[in-house]
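Visitor: My questions concern the predicted model and sequence given below.
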Amino acid sequence: MEATAAITSGPTPELSPESVLAAAVEVRDLEDAAAIHKLQLAADWVTLHPGEEVDTSIEYGMRDLQIAGDGAPTIDEGAVAEFALAIGVSTDTGRTYLGDAVELRHRLPRLWARVVAGQVAVWKARKVAQATRCIPPDAAAVVDQRLAWCAHRCSFAEIDRQVAKAQAEHDPDAAEQRRVEALERRHLDIDLDHVTDGIVHIDGDVDLADALALEELIRTKAATLDPELPLDVRRAQAVGLLGADGRTEV
């Protein structure tokens, strides 16, 4: 796939709103085609540098790396750095990129076919690949079947939901462990030990459903406050009012 695009230093005599939009569409199409081609090259690179079964006992020196889920090809560690250099990213970023390509081609073939056909954006397909990497092949196949046809319009939350559902069906022990680990990551810290000019820092990680409910409460409460105040100030005040209002449950 070869493509060239003219780069000009200023407006052309034919410049018009229509010509600018047409050029923007052309550039977008070129970028999409290039993204697909690069992903294919990544998968081909792994094919050209096959590894053996990963030996975790090797502590030093080059070894084969498992960069995607179970059942996907491995790759020689040195080949990862070489490809990363070629596409201008760090070795860790290159490893992730190669792993996404391999995951798609070998464990999510339906989704891979739609990506190659230009029907699903590369960035969206990579999101699915990163979510399925930790689940067994049977579960990945189920996700592929359920999401490939609609991946182009799936939210990230729906992707995570389908992955969790497939894992629960095919690897319930791992699904339960994942659920417990997710629970343990939830927290809400109000740093009362460090108060600056009457301001206290709040930080936390909560469940998506709880976050959505809290966001709705804060947005609704903030809308009732002084409109002359900046929105961020009103939102911060709304949090305090929610805590002070005994009739409101967060």
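Guide: That came through, no problem.
Visitor: Give me the contacts around the strand ranked longest in the chain.
Guide: Counting by DSSP state E, the longest strand found in the chain is strand 187-196. Contacting residues not belonging to strand 187-196 are listed as 200-206 [Cβ atoms under 8 Å, 6 or more residues apart in numbering]. The C-beta positions use only the backbone N, C-alpha and C, and glycine is treated the same way.
Visitor: doesn't residue 46 fall inside a helix?
Guide: Yes - counting by DSSP: H, G, I helix; E, B strand; the rest coil, residue 46 falls inside a helix.
Visitor: Tell me how many other residues surround it.
Guide: 26 (other Cβ atoms under 10 Å).
Visitor: What does the pLDDT read for it?
Guide: pLDDT, residue 46: 96.
Visitor: One more: the one 5 residues further on?
Guide: Taken from the predicted model, the pLDDT recorded for residue 51 is 77.
Visitor: State the number of residues packed around it.
Guide: Using other Cβ under 10 Å, residue 51 has 18 other residues around it.
Visitor: mind listing what residue 113 touches?
Guide: Per Cβ under 8 Å, 6+ apart, neighbours of residue 113: residue 148.
Visitor: Now it: which helix or strand?
Guide: helix 109-116 (DSSP states H and E).
Visitor: Just the mean pLDDT for that helix, thanks.
Guide: Mean predicted confidence for helix 109-116 is 98.
Visitor: So which elements touch whichever helix or strand comes after it?
Guide: Next helix or strand after helix 109-116 toward the C-terminus (DSSP H and E): helix 122-132. Contact here means 3 or more Cβ pairs under 8 Å, 6 or more residues apart in numbering; DSSP states H and E; on that basis helix 122-132 packs against helix 17-48, helix 91-102, helix 109-116, helix 137-147, helix 156-170.
Visitor: follow-up on the earlier one: angle of the helix or strand following the longest strand of the chain against strand 187-196?
Guide: Sequence order places strand 199-205 as the next helix or strand after strand 187-196, per DSSP H and E. Between the axes of strand 199-205 and strand 187-196, defined by axes from the mean of the first three to the mean of the last three Cα atoms, to 10 degrees, the angle is 160 degrees.
Visitor: distance between strand 199-205 and the chain's centre?
Guide: Taking Cα atoms, centre = their mean, to the nearest Å, one finds the center of strand 199-205 at 25 Å from the center of the full chain.
Visitor: neighbouring strands for that strand, and are they parallel or not?
Guide: Sheet pairing of strand 199-205 (DSSP bridges) gives strand 187-196 (antiparallel).
Visitor: on contacts alone, who are the packing partners of the lowest-mean-pLDDT helix or strand in the chain?
Guide: In the chain, no helix or strand scores lower on mean pLDDT, DSSP states H and E than helix 172-185, which sits at a mean of 74. When contacts are defined as 3+ Cβ pairs under 8 Å, 6+ apart, helix 172-185 packs onto helix 156-170.
Visitor: Do you know the pLDDT at residue 61?
Guide: 42.
Visitor: What of residue 24?
Guide: pLDDT, residue 24: 95.
Visitor: Tell me how far it lies from residue 31.
Guide: 10 Å (Cβ to Cβ, to the nearest Å).
Visitor: These two: which is more packed in?
Guide: Between residue 24 and residue 31, residue 31 has the larger neighbour count (other Cβ under 10 Å), namely 13 against 10.
Visitor: any idea how far the more buried one is from residue 121?
Guide: Distance from residue 31 to residue 121, by Cβ to Cβ: 10 Å.
Visitor: Run through who's touching the least confident helix or strand of the chain.
Guide: 134-136, 164, 167-168, 205.
Visitor: Dump the longest strand of the chain to CSV, keeping only the CA atoms.
Guide: Provided in CSV are the C-alpha atoms of strand 187-196 (Å, rounded to 0.1, in the frame of the first residue of the first chain):
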residue,chain,number,x,y,z
HIS,A,187,-11.2,3.7,47.9
LEU,A,188,-12.1,7.2,48.8
ASP,A,189,-9.6,9.4,50.7
ILE,A,190,-10.4,12.8,52.2
ASP,A,191,-7.0,14.2,53.3
LEU,A,192,-8.0,16.0,56.4
ASP,A,193,-4.4,15.9,57.6
HIS,A,194,-3.4,18.5,55.0
VAL,A,195,-5.6,21.5,54.9
THR,A,196,-4.4,24.5,52.8
